[in-house]
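In: Provide a 3D model corresponding to the input given below.
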Amino acid sequence: MSRAVSRQNVYKRRDNVMAKSNAFTVAQLKSLPAGKHCDGQGLWLHKRTDGGAQWVFRFTLWDRQREMGLGSFGRVSLAEARRQAEWARQLVQADTDPIKQRRLQRQQASSREGRLEQLAWMAYEAHKESLKHNGSDGKWFSPLRLHVLPKLGKMPIVKIDQDDIAHALAPIWHEKPVTARKAVSRLRGVFKYARAKGFLVNRAVIEDAVIILGENKKRATPHQALLWQDVPAFYATLSDDDPVQLALRMLILTGVRADSVNNMRFEQILGPVWEIPPLHVKGRADNDQGFTVPLNYEARHVIELAEPHSRNGYLFPNAKGGPLNKMAMRNFLADNDIPATPHGFRSSLRTWLTDKTECPDEIVEACIGHVRKGDAAIDAYIRTDYLERRAPYMYEWTKFITGQDQTA
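Out: Coordinates of the predicted model:
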């Protein structure tokens, strides 16, 4: 006899035993010895030698033998155990796993895990390793924390509808469109996570809320930037001995983002180039590409000026010896009534390259560290950062800013 036929015979004998329904009375159950006793149709009582007992429902689904605990004999009566077994039996007949279905019901009924706030934190924890700095800067979570959770955080996520979301986002929808879009994006992530965890959320309510809120016609305000014609005069006012102003000089000369300058360290300087590590290049945590910046005569001069002020390896330290505060350069510009932000000098450079040079567009974008986004197949083969082709244009930019013509 084959093993498959033998297994089928075992199943048939077991099914015959299970078919005998309501085999016991309450009095009989109390007097049963230790062992496994079938009440019929898959309902079993497992009595232990220590006197305890457990109700179990046995079933076969998708050619798999399963057991589903129904509770202890002391807490679940015979009638209740039969009722639960019948519920599970009907699900099996409908080709549904009663164990998964019960788990789902418990999740839906949970007063804690089913709330938006709890699920938002769980989604964040699952997602944060893919974020820059592991999400420790709070940028990913802040749109939810500030604008959504105060109003919807205590609600069960399965009960949140489009009107709830629209009401929460209405105050910022037109006034802070960028933040509002980020809040919507974060909500999508939380709802997607909740769905994966088994909550029967309707992810379409987010898109419906966007429709209710209406088209946002307010244009995002670009970073304030000096005209490129005004950059040399401003650069000439910057000090030789203040870390904040020296940091601004490095930022203007190189066209990089403020975070890279704030965290600039001596070990990143490799002769005539500055190797910015991936952690301080814009993008997700899974981005393993740093950014190489050519350092010409003026940038190297700024490094020499910064060295006496350096602390703990940082060229532009804060008062405690750590990296320069992210608001330091912005505050300096505001305090001196300069109509620009640190990021705006990237725009000044970008415009100068377009107006005053014949620099190809891909080199222009590379000069300010923008990632090429074109044909994916082509991009997979273009792995250069155009360092050698960038260097002459950045030299010309430095010569324009300083009015000096020296060997790069």
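
In: contacting residues around residue 401?
Out: Under the criterion of CB atoms under 8 Å, 6 or more residues apart in numbering, the neighbours of residue 401 are 231-232, 235, 252-253, 298. All C-beta spots, glycine's among them, are computed from the backbone N, C-alpha and C.

In: switch the cut-off to 7 Å
Out: Residue 401 sits next to 231-232, 235, 252-253 when contact means CB atoms under 7 Å, 6 or more residues apart in numbering.

In: Surely it forms part of a helix?
Out: Yes - per DSSP: H, G, I helix; E, B strand; the rest coil, residue 401 lies within a helix segment.

In: Roughly how far does it sit from residue 264?
Out: From residue 401 over to residue 264 the distance is 19 Å, taken as CB to CB, to the nearest Å.

In: what's the answer for residue 100, then?
Out: From residue 100 across to residue 264, the span is 53 Å (CB to CB).

In: Look at the two and report which has more neighbours.
Out: Per other CB atoms under 10 Å, whichever of residue 100 and residue 264 has more neighbours is residue 264, with 27 against 11.

In: excluding its backbone neighbours, what's nearest that one?
Out: What sits nearest to residue 264 in space, not counting adjacent residues and going by CB to CB, 6 or more residues apart in numbering, is residue 315, at 4.7 Å.

In: That neighbour: what's it in contact with?
Out: 264-266, 303, 306.

In: Can you tell me which of those is nearest residue 388?
Out: Using CB to CB, residue 303 comes nearest to residue 388 of those, at 21.1 Å.

In: quick one: secondary structure of that closest one?
Out: helix.

In: For my notes, confirm residue 275 occurs in a strand.
Out: Yes - looking at residue 275 with three-state DSSP, it is inside a strand.

In: okay, now it: neighbour count?
Out: Per other CB under 10 Å, the neighbour tally for residue 275 reads 12.

In: again with the one 5 residues further on
Out: Neighbour count for residue 280, taken as other CB under 10 Å: 22.

In: ok, it - contacts?
Out: When contacts are counted by CB under 7 Å, 6+ apart, residue 280 touches 259-260, 263.

In: Can you tell me which of those residues has the most neighbours?
Out: Busiest of the contacts of residue 280 [other CB under 10 Å] is residue 260, holding 23 neighbours.

In: thought that one was touching residue 276?
Out: Yes - if you go by CB atoms under 7 Å, residue 260 and residue 276 touch, sitting 4.8 Å apart.

In: Could you find the closest non-adjacent residue to the spatially most central residue of the chain?
Out: In the chain, the residue lying closest to the centroid (CA atoms, centre = their mean) is residue 127, at 4.3 Å. Leaving out its chain neighbours, the residue that sits closest to residue 127 by CB to CB, 6+ apart is residue 189, at 6.5 Å.

In: For the one you found, pull up the helix or strand it's in.
Out: In this structure, residue 189 is located in helix 177-196 according to DSSP states H and E.

In: name the helices or strands packed onto that helix?
Out: Under the contact criterion of 3 or more CB pairs under 7 Å, 6 or more residues apart in numbering; DSSP states H and E, helix 177-196 touches helix 116-127, helix 142-147, helix 162-173, helix 204-213.

In: Centre of the chain to the second one, how far?
Out: In terms of CA atoms, centre = their mean, to the nearest Å, the centre of helix 142-147 is set 14 Å apart from its chain centre.

In: swap in the last one?
Out: Averaging C-alpha coordinates over helix 204-213 and over its chain gives two centres that are 22 Å apart (CA atoms, centre = their mean).

In: So what touches that helix?
Out: So helix 204-213 is contacted by 160-162, 165-166, 169-170, 173, 184, 187-188, 191 (CB under 7 Å, 6+ apart).

In: With respect to residue 92, which of the residues you listed is nearest?
Out: Nearest to residue 92, judged by CB to CB, of the contacts of helix 204-213 is residue 191 at 30.7 Å.

In: Listing request: residues of the stretch 1-150 of the chain with sub-threshold pLDDT.
Out: 1-21, 107-113, 132-137 (pLDDT under 70).

In: Am I right that residue 120 is in contact with residue 190?
Out: Yes - between residue 120 and residue 190 a contact is recorded at 4.9 Å, counting by CB under 7 Å.

In: picking that back up, list the buried residues for the helix holding residue 189?
Out: 177, 179-184, 186-187, 189-191, 193-194 (16 or more other CB atoms under 10 Å).

In: can you check stretch 264-272 too?
Out: For stretch 264-272, the neighbour count (16+ other CB under 10 Å) marks 264-265, 268-269 as buried.

In: again with stretch 191-211
Out: Within stretch 191-211, the residues scored as buried using 16+ other CB under 10 Å are 191, 193-194, 197, 199, 201, 205-206, 209-210.
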